[in-house]
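[1] here's my sequence, what's the structure:
(one chain, ligands or ions: 2)
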Amino acid sequence: MSSAQPIRPRMVGKATFSFALVASQYNQEYVQGLVTHAHQELNELEPGCTATLVWAPGAFEIPLLAKLVAEKKKYNAILALGVVLQGATAHADLIGRAVTDSLQRISLEYSVPVINEVLLLQNEDQARQRCLELELNRGIEAARAAVSSARTVREIVSKL
Ligand SMILES: Nc1c(NC[C@H](O)[C@H](O)[C@H](O)CO)[nH]c(=O)[nH]c1=O
Ligand SMILES: CC(=O)[C@@H](O)COP(=O)(O)O
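    Ligands and ions are numbered 1, 2, ... in the order given. Next comes the predicted model:
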């Protein structure tokens, strides 16, 4: 288990960013925790940023919606948020793998950071720790990764 959250990026000048959050309704209590924490952290790190929320029915549907969002070319980063809980069959693993691969492909195809916090978890204890509590919160982690990546992309595109 990783308890090392990425360091909070420092606040910088007046660049404004637009973020899209693509979140799934399955296991909604936990996903809502990710959404709320990610949104709060985005606003703390980038006051004045805009955040657009798109809901998918389940994690498996997140990549298509993330792709449609990426095609708009108006977001500086896309945060994919979902909770897949291991069931009795291989279904959860298959979803986890497909989603992870698809999100990476979308990120590279559209040159936009796609933050993968579609969590493949063993049980609700893990979900509570990562979605509702603060120490391991993956919504906060997603926001930090999104801001850090968006800033770096902007710097590379404008300066190199
Ligand atoms: N079991 C979980 C699912 N399953 C639903 C799929 O994501 C998908 O919506 C369905 O197979 C239709 O294509 N989704 C989650 O987000 N979390 C789960 O634990
Ligand atoms: C329907 C699902 O996506 C998921 O609940 C699968 O659970 P299980 O592996 O127990 O069939």
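[2] off-centre distance for whichever strand or helix holds Ser102?
    According to DSSP states H and E, Ser102 maps onto helix 91-110. Relative to its parent chain, helix 91-110 has a centroid offset of 13 Å by C-alpha atoms, centre = their mean, to the nearest Å.
[3] next structured bit after it?
    Following helix 91-110 in sequence, per DSSP H and E, is strand 114-121.
[4] okay, the angle between that following strand and helix 91-110?
    170 degrees (axes from the mean of the first three to the mean of the last three C-alpha atoms, to 10 degrees).
[5] any idea how far the closest residue to ligand 2 within the chain lies from Leu94?
    Nearest to ligand 2, among the residues of the chain, is Gly87, at 2.4 Å (C-beta to the nearest ligand atom). (Each C-beta comes from the backbone N, C-alpha and C, glycine too.) Per C-beta to C-beta, to the nearest Å, Gly87 is found 11 Å from Leu94.
[6] more neighbours: those two, which one.
    Comparing Gly87 with Leu94 by other C-beta atoms under 10 Å, the one with more neighbours is Leu94, at 12 against 9.
[7] distance of that one relative to Leu81?
    Distance, Leu94 to Leu81, using C-beta to C-beta: 19 Å.
[8] same deal with Gln25?
    The spacing between Gln25 and Leu81, counted by C-beta to C-beta, is 11 Å.
[9] circling back: any chance of the backbone angles for the residue of the chain closest to ligand 2?
    The phi/psi pair for Gly87 (degrees, to the nearest 10) reads phi -110, psi -150.
[10] show me the contacts for the residue nearest to the spatial centre of the chain.
    With distances taken as C-alpha atoms, centre = their mean, the residue of the chain nearest its centroid is Leu79 (2.8 Å). The contact partners of Leu79, taken as C-beta atoms under 8 Å, 6 or more residues apart in numbering, are Phe19, Ala20, Leu21, Val22, Ala38, Ile115, Glu117, Ala142, Ala143, Ala146.
[11] of the residues you listed, buried ones?
    Phe19, Ala20, Leu21, Val22, Ala38, Ile115, Glu117, Ala142, Ala143, Ala146 (16 or more other C-beta atoms under 10 Å).
[12] among those residues, name the ones in helices.
    Secondary structure assignment by DSSP state H places Ala38, Ala142, Ala143, Ala146 of the buried ones among the contacts of Leu79 in helices.
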